[in-house]
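Q: here's a sequence, model it:
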Amino acid sequence: MVARTVRICTLAALCLFYAAAQDFHTYVGRIEERSVLLAWGTTTGTGNTIGRESGSHGKASVSVGPQIRETDKNWVVVDGLSPDTEYPYSVSLNGKTIASSTVRTYPEKTGKLAFFVMGDWGTGSTPQFQVAERMQQEYSKHEGTDNPVRFVLAAGDNIYAKIPLLNSRSGDKDSHWRETFFLPYANLLAHIPFYPALGNHDGNQSESRGDLNVYLDNFFFPGDRPERWYRFSVGGLLDVFALDSTTNSFEGPPRPAYEIDGPQFQWAERELSASHTPWKIVLMHHPPFTAGPRHEAKLTVLRHFVDLFSKSGVDVVFNGHEHNFQFSERNGATGGVQYVVSGAGGELRGRDVTSSLEENHIAAFGNIHHFLLVEIEDAVMRITPIAPGAVPMKIADPQRRPVEVPLVVEKHANKVSHLP
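A: Residues are numbered from 1 along each chain as shown. Below is the predicted model of the structure:
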């Protein structure tokens, strides 16, 4: 047990962040151009101990640069900030400092943007901590540059049950989130927010109905309320549309959230039509295009969304669900849209699907734990799968090129996205 505790502190560099925190977790819930949302709480005790509706832990004083806010809640929005500016911040609870770090507001206008994408991660496993440590290293490399990493897009299956058949520690209590979220990503969460999409393991499609309530409480969404689907924009360059491809329900048996006559699809039609940023991307858990090995493509039930993405000028769709890396072709079958599966942030399904790539419109495949670094510069997006450790990811393509080098998506290119 002692050895495991030491390993966790080493991998995630948590000792600095929690030295005086007495097991309080402090995290960036949301960033905008002139404001940030900071939240704090604990994953010990019973009941709702962290998140939007959690019970108060006492009087908090929060400073971000020159701005100071006091609250009895476990989160606060600090506004009055300047765009694209790094600020030191501190959080004091009942007169004791529980966190101090830095946060950078979003730019009003930019031609560059960097962020991470990762799916199927919340296992609490050694590989998850290793991927998290590699993410922190990559974040630090970009920190202080003109293109820092701004946020993490989480492609679903954010928290897994420890014993799936029994739904044991499935994420329906805050204590389940300690080693699956707040510990591995502590140093990232001190600087940037996670913006998630729902996966089947985040509710009663695969696990406990209570998972969905805790998911909606612990994350802070751009619309300033719990949302199963939502949109946010960054720097006039990018619109992100997070969608729910699950059958998770609050009451009764699981039922689809993605039907053509449902409120989500109607919302997506309106919002995609109203979007005029140079780049539009979608985040949703289930991939319409995949070569497996375990899950079949969800093209049939998501066809109306696939057609909408093509018609609405969506550039890239990021998915999880399949525990590997896949990079689609951009052709008539995919509607000219780039589909990317990144579902191995904590889980991995180690089977080679090279023989199934062509029939499923997949141009590249990688079978290793990883996350994605996504960098946009004007009309070019570079998507780089990054694996922990010194072993580079191998992708299956005609030339068998190694990655960590970027795969390129060219804006409005009338051709298959090319490999480097």
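Q: now the residue lying closest to residue 326 once chain neighbours are set aside: which helix or strand?
A: Spatial nearest neighbour of residue 326, chain neighbours left out: residue 341 (3.9 Å); criterion: C-beta to C-beta, 6 or more residues apart in numbering. C-beta: built from backbone N, CA, C; applies to glycine. Element membership of residue 341 [criterion: DSSP states H and E] is strand 338-342.
Q: helices or strands up against that strand?
A: Applying 3 or more C-beta pairs under 8 Å, 6 or more residues apart in numbering; DSSP states H and E, we find strand 338-342 packed against strand 112-118, strand 316-319, strand 325-328, strand 371-377.
Q: so for residue 365, which of these sits nearest?
A: Nearest to residue 365, of all the helices and strands packed on strand 338-342, is strand 325-328, at 5.4 Å by C-beta to C-beta.
Q: related to what we said a few turns ago, and the residue nearest to residue 326, bridged to which residues?
A: Beta-bridge partners recorded for residue 341 (DSSP bridges): residue 319, residue 326.
Q: right, and it touches residue 322 too?
A: Yes. With contact defined as C-beta atoms under 8 Å, residue 341 reaches residue 322; the gap is 5.3 Å.
Q: more neighbours, the two?
A: Per other C-beta atoms under 10 Å, whichever of residue 341 and residue 322 has more neighbours is residue 341, with 29 against 26.
Q: that one and residue 70, how far apart?
A: 45 Å (C-beta to C-beta, to the nearest Å).
Q: list the contacts of stretch 324-335.
A: 287, 289-291, 306-307, 309-311, 336-344, 348-349, 353, 361-368, 370, 383, 385, 393, 395, 407, 409, 413, 415-417 (C-beta atoms under 8 Å, 6 or more residues apart in numbering).
Q: now the buried members of the residues you listed.
A: Buried subset of the contacts of stretch 324-335 (neighbour count, 16 or more other C-beta atoms under 10 Å): 287, 289-291, 306, 309, 336-344, 348-349, 353, 361-368, 370, 383, 385, 393, 395, 407, 409, 413, 417.
Q: ok, what's across the strand from the spatially most central residue of the chain?
A: Centrality entry for the chain: nearest residue to the mean C-alpha point is residue 154, 1.8 Å, by C-alpha atoms, centre = their mean. Judged by DSSP bridges, the bridge partners of residue 154 are residue 118, residue 196.
Q: how far away is it from residue 274?
A: 25 Å.
Q: what ranges does the stretch 301-420 of the chain have for its helices?
A: When assigned using DSSP state H, counting those that start in this stretch, the stretch 301-420 of the chain turns out to have no helices.
Q: ok, now the stretch 51-200 of the chain?
A: Under DSSP H, counting those that start in this stretch, the stretch 51-200 of the chain gives helices at 126-142, 186-189.
Q: tell me which of these sits most buried.
A: helix 186-189 (a mean of 22; mean count of other C-beta atoms under 10 Å).
Q: packing partners of that one?
A: Applying 3+ C-beta pairs under 8 Å, 6+ apart, we find helix 186-189 packed against helix 14-18, strand 24-31, helix 126-142.
Q: any idea which of these gets closest to residue 238?
A: Residue 238 sits nearest to strand 24-31 of all those, at 13.7 Å, using C-beta to C-beta.
Q: outside of that closest one, which residues touch it?
A: Contacts for strand 24-31 (C-beta under 8 Å, 6+ apart): 17-18, 36-43, 50, 57, 75, 77, 91, 93, 98-99, 101, 103-106, 150-151, 182, 186, 189-193, 219-222, 224.
Q: tell me the buried residues within those.
A: 17-18, 36-43, 50, 57, 75, 77, 91, 93, 98-99, 101, 103-106, 150-151, 182, 186, 189-193, 219-222.
Q: show me those residues that map onto strands.
A: Among these, DSSP state E puts 36-42, 75, 77, 91, 93, 98-99, 101, 103-104, 150-151 in strands.
Q: rewinding a little: quick one: closest of the helices of the stretch 51-200 of the chain to residue 171.
A: Minimum separation from residue 171 across those (C-beta to C-beta) falls at helix 126-142, 14.0 Å.
Q: elements contacting the closest one?
A: Using 3+ C-beta pairs under 8 Å, 6+ apart, helix 126-142 sits against helix 2-12, strand 112-118, strand 149-154, helix 186-189, strand 371-377, strand 380-386.
Q: pick the most deeply packed of the ones you listed.
A: With neighbours defined as mean count of other C-beta under 10 Å, the helices and strands packed on helix 126-142 peak in mean count at strand 149-154, which reaches a mean of 24.
Q: got the angle for that one vs strand 112-118?
A: Between strand 149-154 and strand 112-118, the angle comes out at 30 degrees (axes from the mean of the first three to the mean of the last three C-alpha atoms, to 10 degrees).
Q: doesn't residue 382 make contact with residue 375?
A: Yes. Using C-beta under 8 Å, residue 375 is in contact with residue 382, at 4.7 Å.
Q: where does the stretch 101-250 of the chain have low pLDDT?
A: Applying pLDDT under 70 to the stretch 101-250 of the chain flags residues 164-166.
Q: tell me where the stretch 251-400 of the chain is predicted with low confidence.
A: Within the stretch 251-400 of the chain, the segments meeting pLDDT under 70 span 390-400.
Q: can I get stretch 187-194 as CSV, trimmed to CA atoms?
A: Extracted in CSV, the C-alpha atoms of stretch 187-194 (Å, rounded to 0.1, in the frame of the first residue of the first chain):
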residue,chain,number,x,y,z
ASN,A,187,-1.5,18.8,-12.3
LEU,A,188,-3.5,19.2,-15.6
LEU,A,189,-6.7,20.0,-13.7
ALA,A,190,-4.8,22.8,-11.9
HIS,A,191,-4.4,24.6,-15.2
ILE,A,192,-7.0,23.5,-17.8
PRO,A,193,-10.5,22.1,-17.9
PHE,A,194,-11.8,18.8,-19.1
